[in-house]
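**Student:** just to be clear, the model below is a prediction. Sequence and coordinates:
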Amino acid sequence: MRRPVLSIPLRAANVLTGFLLCSVKPHGEQLDPEELHLLVDFTKEGAIAYDQLEADALRRHAKELETQVMMLDARLQEARRNAAT
């Protein structure tokens with residue numbers, strides 16, 4: 001394994017979530033500007049995908065919490081009715 005010569009940060013929601021480490025090509029050539037541009041675009045797309053996964057997980061969690069609140073509210077209403085009788 002070759003040593004990395006380039007590190008491109010992976011940021012999602014302005015938080016550093018990782019790095020893409022790149023080494024030279026198999027015959028020792030450096031990456032050209034077009035390849036560097038593609039790698040940067042790749043990390044940006046990865047960050048977008050990470051943000052989408054995180055947003056999906058947060059939406060699922062919010063839905064679970066809404067369900068719990070509704071169940072607890074129903075129990076509270078029932079307890080209040082029982083206490084009034």
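**Tutor:** Sure, I can see it.

**Student:** drop to CA atoms for contacts and neighbour counts, all remaining ones
**Tutor:** Fine.

**Student:** show the pLDDT at the residue of the chain positioned farthest from its centre.
**Tutor:** Ranking residues of the chain by C-alpha distance from their mean position (C-alpha atoms, centre = their mean) puts T85 at the top, at 50.6 Å. The pLDDT attached to T85 in the predicted structure is 81.

**Student:** quick one: contacts for the closest residue in space to A12 that isn't next to it in sequence?
**Tutor:** Setting aside the residues directly before and after it, A12 is nearest to A47 in space (C-alpha to C-alpha, 6 or more residues apart in numbering), at 4.9 Å. With contacts taken as C-alpha atoms under 8 Å, 6 or more residues apart in numbering, A47 has the following neighbours: 10-12.

**Student:** for the helix or strand hosting A47, the distance to its chain's centre please.
**Tutor:** Mapping A47 onto the secondary structure by DSSP states H and E places it in helix 33-84. On the basis of C-alpha atoms, centre = their mean, to the nearest Å, helix 33-84 sits 11 Å off its chain's mean C-alpha point.

**Student:** can you pull the contacts of the residue farthest from the centre of the chain?
**Tutor:** Residues in contact with T85 (C-alpha under 8 Å, 6+ apart): none are found.

**Student:** now stretch 40-54: buried residues?
**Tutor:** Neighbour-count burial for stretch 40-54, with 16 or more other C-alpha atoms under 10 Å as criterion, is recorded at 40, 43-44, 47-48, 50.
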